[in-house]
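Novice: have a look at this fold, sequence not included:
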């Protein structure tokens, strides 16, 4: 482990979420979303972050940690506390999350269909190759949930989960991109949200 433990915070489109970029590999690939503290027992660092008053959700990415605050909290001192907590933990050299546990949590968060049709395969390919890397730059992730009767359901995580521009991202960004190659798509919706269109 390097002695250089630089960590810096980046703003995201979601004012309640900051992306903390670290100079060490957290996950080999993908993301793990901790939407509440009850899931944090799999990662000592995530447990420590949830112990900070004002932290509402945490998402681990390959080289970043997205932290979402409650509406009542302010980033001022909170961002410094989160940065210091991450820095101190990384200096210990302990794993942020066990690779096997991370894989199991990733698998549990994704509804994988065993017999994907051609359209579903193409959707997953574009999501993984183009859309997820772009969304990760903003501290979020997008997970495929289902594709039924032309309706593609996605799970938005990290900075994207409660972002004010989430609907715009889904409709103008993701939906438009996917419809270019997959005309079977009628609409793209967020899991748990009723489509207003």
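Specialist: Looks like it came in fine. Just so you know, these numbers come straight off a predicted model, no measurement behind them.
Novice: so which bits of the lengthiest helix in the chain are buried?
Specialist: For the chain, the helix that runs over the most residues, judged by DSSP state H, is helix 75-92. By 16 or more other Cβ atoms under 10 Å, the buried positions in helix 75-92 come out as 75, 78, 82-83, 85-86, 89-90. Yep, even glycine has a C-beta here, placed from its N, CA and C like the rest.
Novice: is it true that residue 62 lies in a strand?
Specialist: No: assigned with DSSP: H, G, I helix; E, B strand; the rest coil, residue 62 falls outside any strand and is coil.
Novice: need the contact list for it.
Specialist: Residues near residue 62 by Cβ atoms under 8 Å, 6 or more residues apart in numbering: 25-31, 136.
Novice: what of residue 89?
Specialist: Neighbours of residue 89 in contact, by Cβ under 8 Å, 6+ apart: 44-45, 48, 96.
Novice: and it, what's its pLDDT?
Specialist: The per-residue pLDDT reported for residue 89 equals 94.
Novice: so how far is residue 15 from it?
Specialist: 25 Å (Cβ to Cβ, to the nearest Å).
Novice: relative to residue 120, how far out is residue 129?
Specialist: On the measure of Cβ to Cβ, residue 129 and residue 120 end up 15 Å apart.
Novice: same deal with residue 81?
Specialist: Look at residue 81 and residue 120: by Cβ to Cβ, they are 43 Å apart.
Novice: try residue 89
Specialist: Counting by Cβ to Cβ, the gap from residue 89 to residue 120 is 39 Å.
Novice: and the next element down the chain from the helix-or-strand element of the chain with minimal mean pLDDT?
Specialist: Least confident helix or strand, the chain: helix 166-168 with a mean of 66, by mean pLDDT, DSSP states H and E. Sequence order places helix 176-181 as the next helix or strand after helix 166-168, per DSSP states H and E.
Novice: what packs against that following helix?
Specialist: Contact here means 3 or more Cβ pairs under 8 Å, 6 or more residues apart in numbering; DSSP states H and E; on that basis helix 176-181 packs against helix 118-126.
Novice: which stretches of this structure form strands?
Specialist: 7-11, 17-22, 32-34, 55-60, 64-69, 140-148, 151-158, 187-190 (DSSP state E).
Novice: just give me the closest of the buried residues of helix 75-92 to residue 170.
Specialist: Looking at the buried residues of helix 75-92 and their distance to residue 170, the nearest is residue 75, at 25.7 Å (Cβ to Cβ).
Novice: now do the contacts for the closest one.
Specialist: Residue 75 touches 18, 69, counting by Cβ under 8 Å, 6+ apart.
Novice: cool, and residue 48?
Specialist: 85, 89.
Novice: so what's it scoring on pLDDT?
Specialist: In this model, residue 48 carries a pLDDT of 96.
Novice: and for residue 2?
Specialist: On the pLDDT scale, residue 2 gets 39.
Novice: now residue 193
Specialist: Predicted confidence (pLDDT) for residue 193: 55.
Novice: likewise for the one 4 residues further on?
Specialist: For residue 197, the model assigns a pLDDT of 42.
Novice: with residue 185 instead?
Specialist: 90.
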